[in-house]
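>>> just need the structure, nothing else, for what follows:
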Amino acid sequence: MKISKLLPLIGFLLVALICNAQKPRYIITDNFEGVAFPLIPRLRAEDVKNEFMPSVKDIMKLEKKISDSLSFIVSAYMKSESLRYTGGRYELQCDIIENLKKYKRQYTGFIINGEKMIIIRFYLYPQGNWKEEILGPSENSGCVEFLIYYEVGCGKLFNFFTDLSPM
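From the prediction side, this is the model:
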């Protein structure tokens, strides 16, 4: 086949590939609102093969796990963190569980040692275009934002974190 006949075909395939590139997937239910992202920005080229876009099925499972388990996880975290600060005043300021439905979520997936993991970032007051770009953490965010990891294979939540440092 001549190169002149291949060029239009290659051009068509490139346009089709670009048009079908994964875009963030917006998900809204009665209990949560979030966006799954296909790529983690600023990731090294060799790590790109180790990321994935979380599926709606995975997100529904992890959200069920969050609604079932997060109060225990937050309670344990707050108890351990309150020991670092005088008076335990942060326990009273953090009402994550009560406001859980109000938090906007961002989901990013990656693979470590063959295990699929999802990072869920929660923002009570997301800044910027949170549906199109992954937000970074704010300094001294308190309980208006937090994150937790989810292991897809075993359905385990871990590494809950929120910044409780004094403002």
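>>> number of nearby residues for Ser55?
When neighbours are counted by other CB atoms under 10 Å, Ser55 registers 16. In short, each C-beta sits where N, CA and C put it, glycine included.
>>> quick check: bridge partners of the closest residue to Gln106 other than its chain neighbours?
Using CB to CB, 6 or more residues apart in numbering and skipping residues adjacent in sequence, the residue nearest Gln106 is Arg121, 4.4 Å away. As for beta bridges, Arg121 partners with Gln106, Leu147 under DSSP bridges.
>>> so who does Arg121 touch?
With contact set as CB atoms under 8 Å, 6 or more residues apart in numbering, Arg121 has these partners: Arg105, Gln106, Thr108, Ile134, Leu135, Glu145, Phe146, Leu147.
>>> any chance of a markdown table for those, columns distance to Met53 and neighbour count?
Output for these, formatted as a markdown table (distance: CB to CB, whole Å; neighbours: other CB atoms under 10 Å):
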| residue | distance to Met53 | neighbour count |
| --- | --- | --- |
| Arg105 | 14 | 21 |
| Gln106 | 12 | 21 |
| Thr108 | 8 | 22 |
| Ile134 | 12 | 17 |
| Leu135 | 17 | 15 |
| Glu145 | 22 | 22 |
| Phe146 | 22 | 24 |
| Leu147 | 18 | 16 |
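>>> what separation is there between the residue nearest to Gln106 and Asn113?
23 Å (CB to CB, to the nearest Å).
>>> go on, Ile148?
When distance is defined by CB to CB, Ile148 is 20 Å away from Asn113.
>>> more crowded one of the two?
Neighbour count, other CB under 10 Å: between Ile148 and Asn113, Ile148 has more, with 23 against 6.
>>> now do the same for the more buried one: its pLDDT.
Turning to Ile148, the model gives it a pLDDT of 93.
>>> wait, it touches Lys156, no?
No. With contact defined as CB atoms under 8 Å, Ile148 and Lys156 do not form a contacting pair (10.5 Å).
>>> tell me the pLDDT of the residue nearest to Gln106.
With respect to pLDDT, Arg121 has a value of 94.
>>> begin at 53, not 1, for the rest of this chat.
Yes, from this point I'll number from 53; that puts the last item at Arg173.
>>> what's around the closest residue to Ile125 other than its chain neighbours, how many residues?
Sequence neighbours aside, Phe212 is the residue nearest to Ile125 in space, at 5.0 Å (criterion: CB to CB, 6+ apart). By the measure other CB under 10 Å, the count of residues near Phe212 is 18.
>>> for the strand or helix carrying Phe212, packing partners?
Following DSSP states H and E, the helix or strand that holds Phe212 is strand 208-215. If you count contacts as 3 or more CB pairs under 8 Å, 6 or more residues apart in numbering; DSSP states H and E, strand 208-215 packs onto helix 108-134, strand 194-203.
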